[in-house]
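A.B. asks: Sequence and predicted structure below; questions after.
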6 protein chains.
Amino acid sequence: MYSVTVRGHMMIAHSLTGDVFGPAQRLHGATYVVDVEFRRPALDANGIVVDIGRATDALNALLAELSYRNLDAEPSFKGKNTTTEFLAKEVFNRLVAAIARGDVGSGARAIESLRVTLHESHLASASFDGRV
Amino acid sequence: MYSVTVRGHMMIAHSLTGDVFGPAQRLHGATYVVDVEFRRPALDANGIVVDIGRATDALNALLAELSYRNLDAEPSFKGKNTTTEFLAKEVFNRLVAAIARGDVGSGARAIESLRVTLHESHLASASFDGRV
Amino acid sequence: MYSVTVRGHMMIAHSLTGDVFGPAQRLHGATYVVDVEFRRPALDANGIVVDIGRATDALNALLAELSYRNLDAEPSFKGKNTTTEFLAKEVFNRLVAAIARGDVGSGARAIESLRVTLHESHLASASFDGRV
Amino acid sequence: MYSVTVRGHMMIAHSLTGDVFGPAQRLHGATYVVDVEFRRPALDANGIVVDIGRATDALNALLAELSYRNLDAEPSFKGKNTTTEFLAKEVFNRLVAAIARGDVGSGARAIESLRVTLHESHLASASFDGRV
Amino acid sequence: MYSVTVRGHMMIAHSLTGDVFGPAQRLHGATYVVDVEFRRPALDANGIVVDIGRATDALNALLAELSYRNLDAEPSFKGKNTTTEFLAKEVFNRLVAAIARGDVGSGARAIESLRVTLHESHLASASFDGRV
Amino acid sequence: MYSVTVRGHMMIAHSLTGDVFGPAQRLHGATYVVDVEFRRPALDANGIVVDIGRATDALNALLAELSYRNLDAEPSFKGKNTTTEFLAKEVFNRLVAAIARGDVGSGARAIESLRVTLHESHLASASFDGRV
C-alpha cells in the first residue's frame, strides 16, 4: 500500500459539554495541526498517490472554513461536542466530499482510505481512519 | 476507526544480555518517550474515544512504577532482556490491566486495541500493537 | 552561561482587535506549547540551574490560571490584544513573580534571565527574552 | 504485532515529468528523512524484532547508494518519475533484498512486513507498506 | 526583547566545490526548512512584533525565487559555494531588502535583528544572525 | 554571526545526590539528544563555519566515550553530580579540546563560541553556552 501525508492547521474556539471534560467545559480554544494520509494500492501514471499540491490546497480550503471560528456558534455543530475525535471525522467527511467533487484531481478518486490526525498539543492527538 | 494518542515518558537504567547488543551489554540507561494510541470503532455518548485526562493519568501512573529505576534490579524482570520492544509490551500489558480495573473510566472498556510506542532516541523506537 | 528549558502548554480562546489580524479578529482559539529557558552563569551546589520538577510545577501552575479560558473575558486583559507576543511577556512576568516568591526554590533567585517561547502552530511562535 | 523503527536520510537532485508537478518539473532536490518500520508477530530469543544497529547500518548503506546523486542520471531510474512515493517503494525493495542477503542479521528473515516513510519537508511525506 | 518566528521551506539542487565536501561535490539536492526570527525591543500599537501573515508571505515569496531550481545554474551564485551557511545569509539579505521595501508592513521597519536558520536534515542546520 | 548545528546522542545510567532530585536519587538513566552549535563571525574560504561531517564525527567520538556507561562508576565524575547541566558543560569542554587538537579541521580553530544542548526528554533540556 502506498500513501502520501500532507499537513495543515486550524485555530478554533469551543467548549465541551459533560463532566468528563472538567475545565474544558469552559469556552477555550485549540490549535489543531492536521495530518491527512491518502492511501491507494498502486500509483497512477505519473507515479503518485495524489498531487501533493492539490491535496494541500483541498485540505487548507476546508480548514479555512473551520478556522478562526467559535465552533459553539456554528449551526452545523449545534448540539454536538466538537471533540478532537469528532473533528477528525468531520475533516475526513469533508475531504471525502472534496475527493468526490474532483477537488483533489480526477485521479484521487482511486484513493481507498484516509487517515486524519488532529494534534491538539505536544501531548495528545486524535484520528479517524476509514475507507473513502 | 477512531483513536486517541497520549504521551508520557520514563527514565530507566538497565543492561542487555547477548552479543548482539554490543556496548549496550554494559549498564547504561534511556529516556523512553511513550505514546499510547487507544482505538475503538465508535465514539461514546460524550463524543470521545477515552478521557484524555484519565488516559494520561493512567499512563503516568504506570510509568512512575518503572521510572527512575534500574530495571536489572526489578524482581519482575529477572532473567528478561528489557529491550525497547519488551518494554513496549510491558506497558501494553499494564495498560490493559488498568483499563480492566476501570482506571481509564468505565467507557474505556470499549477500547478494542492499543498501540504502545517507546521512542528511545531521535533515531529509533519500538512498538507493540494488539487487541485489548 | 548555563540554562535549563522546560515545556508546558495552555489552550485558550480569544479574539484580536485590528485590521492587521484579518480572520483572527473573530473569536477563535489556540494551543500554546510553552518553553521557558532559565539562565544563570554558574550552577548551584547541587549542580543545577534550577530544580526541573519545581520549575515545571511553577510553569504549569501559572498556565493553569490562563488555560481553558476565554481571554477576552479576563478582567486583567481588558483592552489588551492578547497576541502570542503579549502572552509570552505575560508568562514571563508571572514567572518572575513566582521566582521572587520562592515558588521555584530559593536557589532560583540566582536566575539572571528567562526566555519564554509560545509555539502557536508548527509554523509560528513568539518569544520574550529578558532579565529577571 | 511488534515493530522497530529506525531513521536515516539522503539528499538527492532530480526533476519530475508531467504537468501535475508544476515547478518540480525543473531540476531541483530534496532531503528525504527516511523511517523504516520492521514488523514481526513475536520477538526473537534476544527479545528483539531486529538488531537496531544492523538495521540502521543496512538502511544507511542503501541510502548511501542513492544519496548525493542526481537521480535523473541514474541508469536504473531511466524513464521513471522518482517521486517520493516511488522512492519509498525503491527503499522498500532494496531493504527486502538486504534482509534476504542476511545484511540485517539471520533473525531478520522473520520480519513479516516493512513500512518505509520518506519525509520530504515538515509538511509532506510518502510511504510504502508491504509484506517482505 | 520580543521575537516572532515563522517557517517556510525550499527544495533545491546544487553541488559544492572543495575536497572538504566529499560526496556533496556531486550534483545533489536538499530540502531546507527555513525558520526566521524577527526581533524588536518593543511591540507596536497592535501588540505585535510583525504581522505573522505578511512575514510568512514575504518569506514564501523569496523562497519561491530560490526553490525548485538548480542553484549551480543561477547567474547570481556564479563562483559561489551555495552551502547551508551561505544560503542562510542569502535569505537574510533578501528579507532585509523585503523589510526595507515595506513588504512585511511599514511597522516591520522597527525590526532590529533577524536570525535565519536552514535545517538541511534532522541532524544538521545552519544560521545567520545579524542586525537589519 | 554564522553558526552550524549538528546532532548526536548518548544513553547513560547515573544517580543524583541531593534531596532536590527526589526519585532521581535512585540509579536510573537517560537518553540525551545532543545539539552543538558552532559559531564564528565569518565563513572560511569554502563558505562554511565548520565541516559538518567532521563536526559530527568529533561529536560522535566524544559521545561514544560517555555512552552506554554508568556515569556513577566513571573515575572522572567521582563526587560530581552528573546533572544534564553538568554534562552539557562536560561535552562543551571535550569539544573545545577536540577543536584545539584539530579533530574538527584546522579551520575550526576560528570558532568563537559553542552552545551545547542536551535534551533529556520531550519536556526538558539543559545547555552550556560559552566562548572557545
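C.D. replies: Received the coordinates, thanks. What you see is a predicted model; the values in this text were computed from it and never measured.
A.B. asks: give me phi/psi at residue A:94?
C.D. replies: The phi and psi torsions at residue A:94 (degrees, to the nearest 10) take the values phi -70, psi -30.
A.B. asks: Burial check on it, number of neighbours?
C.D. replies: Neighbours of residue A:94 under the rule other CB atoms under 10 Å in any protein chain shown: 18. In short, each C-beta sits where N, CA and C put it, glycine included.
A.B. asks: Does it touch residue A:62 like I think?
C.D. replies: Yes. Judged on CB atoms under 8 Å, residue A:94 makes contact with residue A:62 at a distance of 4.4 Å.
A.B. asks: Nearest to chain D within chain A, name that residue for me.
C.D. replies: Nearest residue of chain A to chain D (CB to the nearest CB) works out as residue A:47 at 3.7 Å.
A.B. asks: so that residue sits right up against residue D:88, yeah?
C.D. replies: No. Between residue A:47 and residue D:88 there is no contact under CB under 8 Å: 11.1 Å.
A.B. asks: which of these two has more neighbours?
C.D. replies: Counted by other CB under 10 Å, residue A:47 and residue D:88 do not tie: residue D:88 has more neighbours, with 26 against 21.
A.B. asks: Counting by contacts, list what whichever strand or helix holds that one packs against.
C.D. replies: Assigned by DSSP states H and E, residue D:88 falls within helix D:84-101. Judged by 3 or more CB pairs under 8 Å, 6 or more residues apart in numbering or on different chains; DSSP states H and E, helix D:84-101 is in contact with strand A:2-14, strand D:28-40, helix D:52-66, strand D:113-119, strand D:124-131.
A.B. asks: what's the angle from the second one to strand D:2-14?
C.D. replies: Angle between the axes of strand D:28-40 and strand D:2-14 is 160 degrees (criterion: axes from the mean of the first three to the mean of the last three CA atoms, to 10 degrees).
A.B. asks: So what are the sheet partners of strand D:28-40 and their directions?
C.D. replies: The strands beside strand D:28-40 in its sheet (DSSP bridges) come out as strand D:2-14 (antiparallel), strand D:113-119 (antiparallel).
A.B. asks: Which of these has the highest mean neighbour count?
C.D. replies: Greatest average neighbour count among the strands paired with strand D:28-40 goes to strand D:2-14 (a mean of 24), per mean count of other CB atoms under 10 Å in any protein chain shown.
A.B. asks: average pLDDT for it?
C.D. replies: Here strand D:2-14 scores 98 as its mean pLDDT.
A.B. asks: the inter-axis angle of it versus helix D:84-101?
C.D. replies: Angle, strand D:2-14 to helix D:84-101, by the same axes, to 10 degrees: 120 degrees.
A.B. asks: Residue B:14: which of the strands paired with strand D:28-40 is closest?
C.D. replies: strand D:2-14 (17.0 Å; CB to CB).
A.B. asks: who touches the nearest residue to residue A:31 once chain neighbours are set aside in this structure?
C.D. replies: Using CB to CB, 6 or more residues apart in numbering or on different chains and skipping the chain neighbours, the partner closest in space to residue A:31 is residue C:31 (4.2 Å). Contacts for residue C:31 (CB atoms under 8 Å, 6 or more residues apart in numbering or on different chains) come out as A:29, A:30, A:31, A:32, A:120, A:121, C:9, C:10, C:11, C:120.
A.B. asks: quick one: residue C:31 and residue E:79, what's the gap?
C.D. replies: From residue C:31 across to residue E:79, the span is 47 Å (CB to CB, to the nearest Å).
A.B. asks: I'm done for today, thanks for sticking with me.
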